[in-house]
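Novice: Sharing a model that was predicted from the sequence below.
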Amino acid sequence: NAGVTQTPKFQVLKTGQSMTLQCAQDMNHEYMSWYRQDPGMGLRLIHYSVGAGITDQGEVPNGYNVSRSTTEDFPLRLLSAAPSQTSVYFCASSNTGTSATYEQYFGPGTRLTVT
Amino acid sequence: ILNVEQSPQSLHVQEGDSTNFTCSFPSSNFYALHWYRWETAKSPEALFVMTLNGDEKKKGRISATLNTKEGYSYLYIKGSQPEDSATYLCAFISNFGNEKLTFGTGTRLTIIP
């Protein structure tokens, strides 16, 4: 099993550009989520999905879109990048059913810089 | 926004000493609490998932306790080793039914050889 994979590992964008951060898992997990990690702020939830076709907003959703057309993939789209979106982004997944009682598996992260 | 606090923010411990730190969360609407270990340049890895008041979990030299009535969990490390150096995160899940994890900002532990 590859677990949770994320691409790219590093990305530099100019303000106003758009891009998609890819996330895939091969563990047949229903629950997937995106977090951003900023110094002193811990991990903050951007969007999450409890299954294919179902997504919902987290704590900091503005400026980001998600979709979940398959169980395996959960891409995060930045619509018009802003310097405030400079961060490290983590994708995570967990086992079938509620995420509450199942541990999260995290991807390796994508470090994004917006200039 | 749910308030999940961890203390201390950072901690330096001599190798061989034992240590503990705290995660505080809302005592109402509790569903579950997770602990994660996050080494520098790596991804967070799960240590424990705790759901019942009075839960006590152990993995090697690391253990955790849970008090849902007063809204806190302790993580203990016995006989600290250099490989224990990491940031330890807790995550709270409420019983609102939306399955969202709210993370604390972590306790950064450094073991001094």
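Specialist: Sure thing, it's come through. The model shown is predicted, which means the values in this text are computed figures rather than measured ones.
Novice: chain center to stretch B:84-96, what's the gap?
Specialist: Its chain's C-alpha centre lies 5 Å from the corresponding centre of stretch B:84-96 when counted by CA atoms, centre = their mean, to the nearest Å.
Novice: ok, that stretch near chain A or not?
Specialist: Yes: between stretch B:84-96 and chain A, judged by CB under 8 Å from any CB of the partner chain, the touching residues are B:89, B:91, B:93. In short, each C-beta sits where N, CA and C put it, glycine included.
Novice: Torsion angles phi and psi at the last one?
Specialist: Translated: B:Ile93. phi -120, psi 130 (degrees, to the nearest 10).
Novice: Then the second one?
Specialist: Here the main-chain torsion angles of B:Ala91 (degrees, to the nearest 10) amount to phi -140, psi 130.
Novice: Name the member of the residues of stretch B:84-96 next to chain A with the most neighbours.
Specialist: When neighbours are counted as other CB atoms under 10 Å in any protein chain shown, the busiest of the residues of stretch B:84-96 next to chain A turns out to be B:Ala91, with 27 neighbours.
Novice: Any idea what whichever residue of chain B sits closest to chain A is bridged to?
Specialist: For chain B, the nearest residue to chain A under the criterion CB to the nearest CB is B:Ala46, separated by 3.3 Å. Beta-bridge pairing of B:Ala46, defined through DSSP bridges, involves B:Tyr36.
Novice: B:His34 versus that one, what's the distance?
Specialist: Note on B:Ala46: its distance to B:His34, by CB to CB, to the nearest Å, is 6 Å.
Novice: Check A:Leu43 too.
Specialist: 11 Å.
Novice: Spell out which residues are contacts of both of the two.
Specialist: Common neighbours of A:Leu43 and B:His34 are listed as B:Ala91 (criterion: CB atoms under 8 Å, 6 or more residues apart in numbering or on different chains).
Novice: okay, now the residue of chain B closest to chain A: neighbour count?
Specialist: Residues near B:Ala46, counting by other CB under 10 Å, number 18.
Novice: Any residues of chain A in contact with chain B? List them.
Specialist: That would be A:31, A:33, A:35, A:40-45, A:48, A:50, A:56, A:58-59, A:90, A:98-109, which are the residues of chain A within reach of chain B (CB under 8 Å from any CB).
Novice: do that again at 7 Å, thanks
Specialist: Applying CB under 7 Å from any CB of the partner chain, one finds that chain A approaches chain B through A:31, A:40-43, A:45, A:48, A:50, A:56, A:58-59, A:90, A:98-104, A:106-109.
Novice: Please list only the buried members of those.
Specialist: For the residues of chain A next to chain B, a neighbour count by 16 or more other CB atoms under 10 Å in any protein chain shown gives the buried set as A:31, A:42-43, A:45, A:48, A:50, A:58-59, A:90, A:98-100, A:102-104, A:106-107, A:109.
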